[in-house]
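S.K.: Kindly return the folded structure for what I paste below:
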Amino acid sequence: MKWNKYSKTTWQAAVAACALALTASGCASGSDTAATGQRNGPLVIGASVSLTGDFADSGKAVQRGYQLWADSVNAKGGLLGRKVEFKIVDDLSSPTQVITNYQNLINQDHVDLVFGPFSSLLTVPASQVAKRYGYAFLEPAGGGPQVFAQHLNNLFFVQPAPSVRAGDVFAKWVLSLPADKRPRTAAYAELDDPFAGPIAESIRTAFEAAGIKTVYKQVYPAETADLSPVMSGIAAAHPDVLVSGTQNNDAYAQVKSLVQLKFSPKFVFMSNGANSPLEFPDKVGAANTSGIMSSGDWYPSSTAAGSAEFAAAYVKKYGGTAQQIDNSSAEAYACGQLLADVAKKAGKIDNATIIKSLHSGSWPTLLGDLGWNADGAPTSSFSLVQWQGGKLLPVYPAAAAQSAPVYPKPNWGG
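M.R.: Just a heads-up that it's a prediction; the model follows:
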């Protein structure tokens, strides 16, 4: 569960450029090229993934998840007797290149199906191409408001909820605490970002409605190199809870600054950065992670459908430990799980069948049971995760929890 780092201005400019490129491409018709029935030979799935550029690390994690699922299903005989093959092309992390890639995959390579790229920035234009040609569009990493504002019935965001709802689980947990245990004051440090900021604002709305007083709020631009003035302001306000609307690098900087200031709030929630099982302890120091909360959709010890199989297969193929698996790989793998479930239930696998099937009922995945509204927004919720004993564990809701939440947060280094 990650979001790209572009500012609102950059996002708007990129989307405008994509709209022009899509219009100029002349791809307004041609849905007859979509896979509509069973063919002989392999089932070819096309995907444009960021193997280079700003999103390369996450893009490669998506690629690993896609390929791992293909290996798994092929080891069991394929999908309805057809071997699954991925045709993955690099979009350079570019919104215009992603349009070209999906046009080529559909019109030149004649792939049977397509899966999505990484980031909402690329998902918006990519999903428009898929819609024009009648293709279902399962996508693991584009959950921003702009994605669902398109009202595309062929799109399915394969995470539990839209990205901006990621903080709701934290607010719900805090407000479930006995009155004498709840925080009374709160501070908000928010990156000016179309994904991270709204998460913090959603929590603030819930907290203020419940009587939790805002004592500090600061929105800072993406290019801010030194966050110490912001964190000094927070320390001076001495809030019970810090809600941070962050991406990765600013999350690390916030923690480092708070450690230097020797100010440790009773509760800390970070929208992004703290949910990275590999990078976060490396960047801030393992001893400084204890008690910090975030939200997540997959964790190594998950008992959800296919999770144990996925984790074991990942470690066998790519090495490392289950704790080091990027959740982008799990989300990509879940796209394949859904495809396999549709094939099993319907007895066929074509774009119209996928779209109709996924809009009916709930579907089990390693991310939990998923369902979607008419615009492709998932209707479940994220889990609250917390760093405990050097591990990122689900702590709420009770059905997903593998440990009780620890509060107040231990002091830095504790």
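
S.K.: Export stretch 226-234 to PDB, keeping only CA atoms.
M.R.: The C-alpha coordinates for stretch 226-234 follow below in PDB (Å, rounded to 0.1, in the frame of the first residue of the first chain):
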ATOM      1  CA  ASP A 226      14.500  20.300   6.700                       C
ATOM      2  CA  LEU A 227      11.500  19.300   8.800                       C
ATOM      3  CA  SER A 228      13.000  20.200  12.100                       C
ATOM      4  CA  PRO A 229      11.000  23.500  12.400                       C
ATOM      5  CA  VAL A 230       7.800  21.700  11.900                       C
ATOM      6  CA  MET A 231       8.700  19.000  14.400                       C
ATOM      7  CA  SER A 232       9.900  21.700  16.900                       C
ATOM      8  CA  GLY A 233       6.500  23.300  16.700                       C
ATOM      9  CA  ILE A 234       4.900  20.000  17.400                       C
END
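
S.K.: Strands along the chain, start to end?
M.R.: For the chain, applying DSSP state E gives strands covering 43-49, 84-90, 113-115, 137-139, 155-157, 185-191, 213-220, 241-245, 267-270, 293-296, 363-365, 368-370, 383-388, 391-396.

S.K.: which one of those lies closest to Ser72?
M.R.: The closest of the strands of the chain to Ser72 is strand 84-90. By CB to CB, the value is 9.4 Å. (Glycine included, C-beta is placed from N, CA and C.)

S.K.: Walk me through the domains of this structure.
M.R.: 8-163+303-370, 165-299+384-396 (automatic domain parsing).

S.K.: could the ones you listed be laid out in CSV, adding mean neighbour count and distance to Ser403?
M.R.: Formatted as CSV, the domains of the chain follow (neighbours: other CB atoms under 10 Å; distance: least, CB to CB, whole Å):
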stretch, mean neighbour count, distance to Ser403
domain 8-163+303-370, 20, 14
domain 165-299+384-396, 20, 5
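
S.K.: beta partners of the closest residue to Ala47 other than its chain neighbours?
M.R.: Nearest-residue entry for Ala47: Phe115, 4.4 Å, with adjacent residues in sequence omitted and distances by CB to CB, 6 or more residues apart in numbering. Going by DSSP bridges, Phe115 is paired in beta bridges with Ala47, Leu138.

S.K.: Help me confirm that Phe115 comes into contact with Leu138.
M.R.: Yes - counting by CB atoms under 8 Å, Phe115 touches Leu138, with 5.5 Å between them.

S.K.: Mutual contacts of the two, please.
M.R.: The contact sets of Phe115 and Leu138 overlap at Cys335 (CB atoms under 8 Å, 6 or more residues apart in numbering).

S.K.: wait, isn't Lys83 in contact with Leu43?
M.R.: Yes - with contact defined as CB under 8 Å, Lys83 reaches Leu43; the gap is 7.1 Å.

S.K.: and of the strands of the chain, who's closest to Thr96?
M.R.: Ranked by CB to CB, the member of the strands of the chain that lies closest to Thr96 is strand 43-49, at 11.5 Å.

S.K.: Run the angle between the closest one and strand 84-90 for me.
M.R.: Relative orientation of strand 43-49 and strand 84-90, computed by axes from the mean of the first three to the mean of the last three CA atoms, to 10 degrees: 20 degrees.

S.K.: any residues touching strand 43-49, and which ones?
M.R.: Strand 43-49 has contacts (CB under 8 Å, 6+ apart) with 59-60, 62-63, 66, 70, 78-80, 82-91, 97-98, 101-102, 105-106, 109, 111-118, 122, 126, 349.

S.K.: Once you drop chain neighbours, what's closest to Ala206?
M.R.: Nearest non-adjacent residue to Ala206, counting by CB to CB, 6+ apart: Ala171, 4.0 Å away.

S.K.: contacting residues for that neighbour?
M.R.: Here Ala171 is in contact with Ser202, Ile203, Ala206, Phe207 (CB under 8 Å, 6+ apart).

S.K.: Next up, the contacts around the closest residue to His151 other than its chain neighbours.
M.R.: Residue nearest to His151 in three dimensions, not counting chain neighbours: Asp375, with 5.2 Å by CB to CB, 6+ apart. Going by CB under 8 Å, 6+ apart, Asp375 touches Phe148, Ala149, Gln150, His151, Leu152, Asn153, Leu155.

S.K.: how near is the residue nearest to the second one when sequence neighbours are not counted to Phe157?
M.R.: On the basis of CB to CB, 6+ apart, the spatially nearest residue to Ala149 that is not a chain neighbour turns out to be Asp375, at 7.8 Å. Asp375 sits 9 Å away from Phe157 when distances are taken as CB to CB, to the nearest Å.

S.K.: Give the residues shared as contacts by the two.
M.R.: What both Asp375 and Phe157 touch, as defined by CB under 8 Å, 6+ apart, is the set Phe148.

S.K.: one step back: next one, pLDDT for the residue nearest to Ala149 please.
M.R.: On pLDDT, Asp375 comes in at 98.

S.K.: re the thing from before, save the domains of the chain as TSV, and put in distance to Pro408 too.
M.R.: Below are the domains of the chain laid out as TSV (distance: least, CB to CB, whole Å):
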stretch	distance to Pro408
domain 8-163+303-370	25
domain 165-299+384-396	4
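
S.K.: need the ones you listed in JSON lines with distance to Val406 and mean pLDDT, can you?
M.R.: Below are the domains of the chain laid out as JSON lines (distance: least, CB to CB, whole Å; pLDDT from 0 to 100):
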{"stretch": "domain 8-163+303-370", "distance to Val406": "19", "mean pLDDT": "90"}
{"stretch": "domain 165-299+384-396", "distance to Val406": "6", "mean pLDDT": "95"}
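
S.K.: Would you map the helices across the stretch 251-400 of the chain?
M.R.: Applying DSSP state H, counting those that start in this stretch to the stretch 251-400 of the chain gives helices spanning 279-284, 307-318, 327-346, 351-358.

S.K.: Quick check: which of those helices is nearest to Gln254?
M.R.: Closest of the helices of the stretch 251-400 of the chain to Gln254 is helix 279-284, at 9.0 Å (criterion: CB to CB).

S.K.: helices or strands next to the closest one in the packing?
M.R.: Packing partners of helix 279-284 (3 or more CB pairs under 8 Å, 6 or more residues apart in numbering; DSSP states H and E): helix 248-261.
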